[in-house]
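K.L.:
Everything below, folded, please.
(chains A, B, C and D)
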There are 2 protein chains.
Amino acid sequence: MWNGKIRRMTLDEDPRRKALLDAAAELFFKQGYADTSVDDIIARAGGSKRAIYAFFGNKQGLFEALLRENAQSMFDGLEPGTTETSNLSSSLISFAERLLTLLSQPRAIAAFRVAVGELPRIPVLAAIFNEMGPERGLTWLTDVLEKAHDRGEIDIDDPREAAGQFLGLVRGNDYFEIILGLRSPPSAERVAQQARAACGLFLKAVRA
Amino acid sequence: MWNGKIRRMTLDEDPRRKALLDAAAELFFKQGYADTSVDDIIARAGGSKRAIYAFFGNKQGLFEALLRENAQSMFDGLEPGTTETSNLSSSLISFAERLLTLLSQPRAIAAFRVAVGELPRIPVLAAIFNEMGPERGLTWLTDVLEKAHDRGEIDIDDPREAAGQFLGLVRGNDYFEIILGLRSPPSAERVAQQARAACGLFLKAVRA
DNA sequence: CTGATACGGTAATAACCATTACCAAGCAAG
DNA sequence: CTTGCTTGGTAATGGTTATTACCGTATCAG
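P.N.:
Model prediction:
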């Protein structure tokens, strides 16, 4: 009944575990890792400190689990089911819109900030992010561009480089400013406009 | 001789002050804000803790001063002296190269990370960054694009939007990955290549 | 040379916090 | 019903740290 370290047999739907993660999200994302004490989390989630050590091993384990599952649920649904889209333009626009919508969520922004801040001390966070989001999106995008290139629709040298450029173009300068707190998250309209503008510019440049 | 809070009359070249800032940079950027103690800084810089409280008021004051002066010195030299460049392409490439070189410095990356991490707790950091870097670069770039548009060289709707897109394109996906620790800072060759590629793509799209 | 003032260094203060030990209560098996 | 065990809550523990008090010393004026 006890593996010596962390409860693993408990179902993921354990309400106790979920309450801890919710409270941890609220506090870690608002106050940062160092300024959130285990007592704070318990005060918000209820239960006792023992639960944290039983479920997650220690404070850092809770933090890692939070970021992992948060990233997981966020990036799910980023890739569309099918790569075979008749229209390259609308396919790219749709992808860009989903990406911007996702990155603009306050929770995503807060998670990114706190993760980046703790990255030097918790290097595993880089791998978590890598597996979850960026790599998957980049791979999908590379594939789409490569196929379009093979069909002769666009003229690019390296599909992966082009995919990286496209991602940068979609984020534009706005995302940078949002992360720095210089700009509030965009409205749905601005997201749509931004996505269209980025795809328009990109395709104008690479269209064969 | 004493304003009641912080030494202000001391010359900026005070070697004691500089030693404190150097030690603070080394430690804050490597270990983060919370994991760097005032004692650590003193152990590295020499002198006594009183110096920190005399020069900077407290730990946070030292941190803010560090980021402010670091950003200042980093972003100086980003804007070229003259906007009147004969060749738009070479002007943009040169700017992109300077920007990428600057953003790729390990110190710049570390500063960005720790600043982003502490942003929710020290909101003044946003203003520091805004004044120092992004706004100045964006303004200069907007100006360049607007003039090129007036000369009929390029076809864009909104110069500022276009400038934002250009910045995003220059950073591409690489900078994102670098911040997350998924990629090492680029070599000078890659910076040059990246700058050329971004400008090429951008101009291909907007050239009238 | 002498006195006072400001400054640097050390030691104390006071609070905080992650983690663990301890204890009581519920539950299952016999 | 009772006994042993698992679980949850509370209270230590042990270490750390930002900030301040104190004291000897050096510096400068007279």
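K.L.:
can you list the residues that contact the helix or strand of chain A at the bottom of the mean pLDDT ranking?
P.N.:
One helix or strand of chain A scores below all others by mean pLDDT, DSSP states H and E: helix A:124-132, with a mean of 82. The contact list for helix A:124-132, computed with Cβ atoms under 8 Å, 6 or more residues apart in numbering or on different chains, reads A:64, A:67-68, A:71-72, A:74-75, A:115, A:118-119, B:180-182. C-beta here means a position set from N, CA and C on the backbone, and glycine is covered the same way.
K.L.:
Flag whichever of these scores worst on pLDDT.
P.N.:
Lowest pLDDT of the contacts of helix A:124-132: A:Phe75, 79.
K.L.:
State the distance from the residue in chain A positioned nearest to chain B to DNA strand D.
P.N.:
Closest to chain B within chain A is A:Gly117: 1.9 Å, counting by Cβ to the nearest Cβ. The gap separating A:Gly117 from DNA strand D is 16 Å, by Cβ to the nearest atom of the strand, to the nearest Å.
K.L.:
My understanding was that that residue contacts A:Tyr33; is that so?
P.N.:
Yes: counting by Cβ atoms under 8 Å, A:Gly117 touches A:Tyr33, with 7.2 Å between them.
K.L.:
ok, those two, which is more surrounded?
P.N.:
A:Gly117 (25 against 21; other Cβ atoms under 10 Å in any protein chain shown).
K.L.:
now the more buried one: how far from A:Ala110?
P.N.:
11 Å (Cβ to Cβ, to the nearest Å).
K.L.:
was I right about A:Pro123 contacting B:Gly181?
P.N.:
Yes: between A:Pro123 and B:Gly181 there is a contact under Cβ under 8 Å: 7.0 Å.
K.L.:
So between these two, which is more surrounded?
P.N.:
B:Gly181 (18 against 10).
K.L.:
Relative to DNA strand D, how far out is the nearest residue to the more buried one once chain neighbours are set aside?
P.N.:
Spatial nearest neighbour of B:Gly181, excluding adjacent residues (Cβ to Cβ, 6 or more residues apart in numbering or on different chains): A:Ala126 at 4.2 Å. According to Cβ to the nearest atom of the strand, A:Ala126 stands 24 Å off from DNA strand D.
K.L.:
Show me which residues of chain A sit near DNA strand C.
P.N.:
A:Asp35, A:Thr36, A:Ser37, A:Val38, A:Asp39, A:Lys49, A:Arg50, A:Tyr53, A:Asn58, A:Lys59, A:Gln60 (Cβ under 7 Å from any atom of the strand).
K.L.:
From what I see, the fifth one and A:Lys49 are in contact.
P.N.:
Looking back up the chat, that one is A:Asp39. Yes: A:Asp39 lies in contact with A:Lys49 (Cβ under 8 Å); the separation is 7.3 Å.
K.L.:
Contact partners for A:Arg16?
P.N.:
By Cβ under 8 Å, 6+ apart, the contact list for A:Arg16 reads A:Gly47, A:Ala51, A:Phe55.
K.L.:
Report the buried members of the residues you listed.
P.N.:
A:Ala51, A:Phe55 (16 or more other Cβ atoms under 10 Å in any protein chain shown).
K.L.:
so which of the contacts of A:Arg16 also contact DNA strand D?
P.N.:
A:Gly47, A:Ala51.
K.L.:
Against B:Glu189, how distant is A:Arg107?
P.N.:
Distance of A:Arg107 to B:Glu189, given as Cβ to Cβ: 39 Å.
K.L.:
okay, these two: which has more neighbours?
P.N.:
Taking neighbours as other Cβ under 10 Å, A:Arg107 and B:Glu189 compare with A:Arg107 leading, 13 against 8.
K.L.:
Contacts only, for the residue in chain A that DNA strand D sits nearest to.
P.N.:
When scored by Cβ to the nearest atom of the strand, chain A has A:Ser48 as its residue closest to DNA strand D, at 2.9 Å. Contact analysis of A:Ser48 by Cβ under 8 Å, 6+ apart lists A:Ile42.
K.L.:
Need the per-residue pLDDT for it.
P.N.:
For A:Ser48, pLDDT reads 89.
K.L.:
can you tell me which residues contact A:Ala25?
P.N.:
Applying Cβ under 8 Å, 6+ apart, the residues near A:Ala25 are A:Leu66, A:Asn70, A:Arg107.
K.L.:
Make CSV out of the contacts of A:Arg16 and add distance to B:Leu169 and secondary structure.
P.N.:
Below are those laid out as CSV (distance: Cβ to Cβ, whole Å; DSSP: H, G, I helix; E, B strand; the rest coil):
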residue, distance to B:Leu169, secondary structure
A:Gly47, 49, coil
A:Ala51, 48, helix
A:Phe55, 44, helix
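K.L.:
Packing partners of whichever strand or helix holds A:Thr142?
P.N.:
According to DSSP states H and E, A:Thr142 maps onto helix A:134-150. Helices and strands touching helix A:134-150, by 3 or more Cβ pairs under 8 Å, 6 or more residues apart in numbering or on different chains; DSSP states H and E, are helix A:88-104, helix A:159-171.
K.L.:
tell me the phi and psi of A:Arg207?
P.N.:
With angles defined as degrees, to the nearest 10, A:Arg207 sits at phi -60, psi 130.
K.L.:
again but with A:Asp158, I slipped
P.N.:
Torsion angles, degrees, to the nearest 10, at A:Asp158: phi -120, psi 120.
K.L.:
now swap in A:Asp76 and tell me
P.N.:
Dihedral angles (degrees, to the nearest 10) for A:Asp76: phi -60, psi 130.
K.L.:
how near is it to DNA strand C?
P.N.:
Distance from A:Asp76 to DNA strand C, by Cβ to the nearest atom of the strand: 29 Å.
K.L.:
what do you get for A:Gly181?
P.N.:
Counting by Cβ to the nearest atom of the strand, the separation of A:Gly181 from DNA strand C is 24 Å.
K.L.:
phi, psi of that residue?
P.N.:
Torsion angles at A:Gly181 (phi, psi; degrees, to the nearest 10) stand at phi 80, psi 20.
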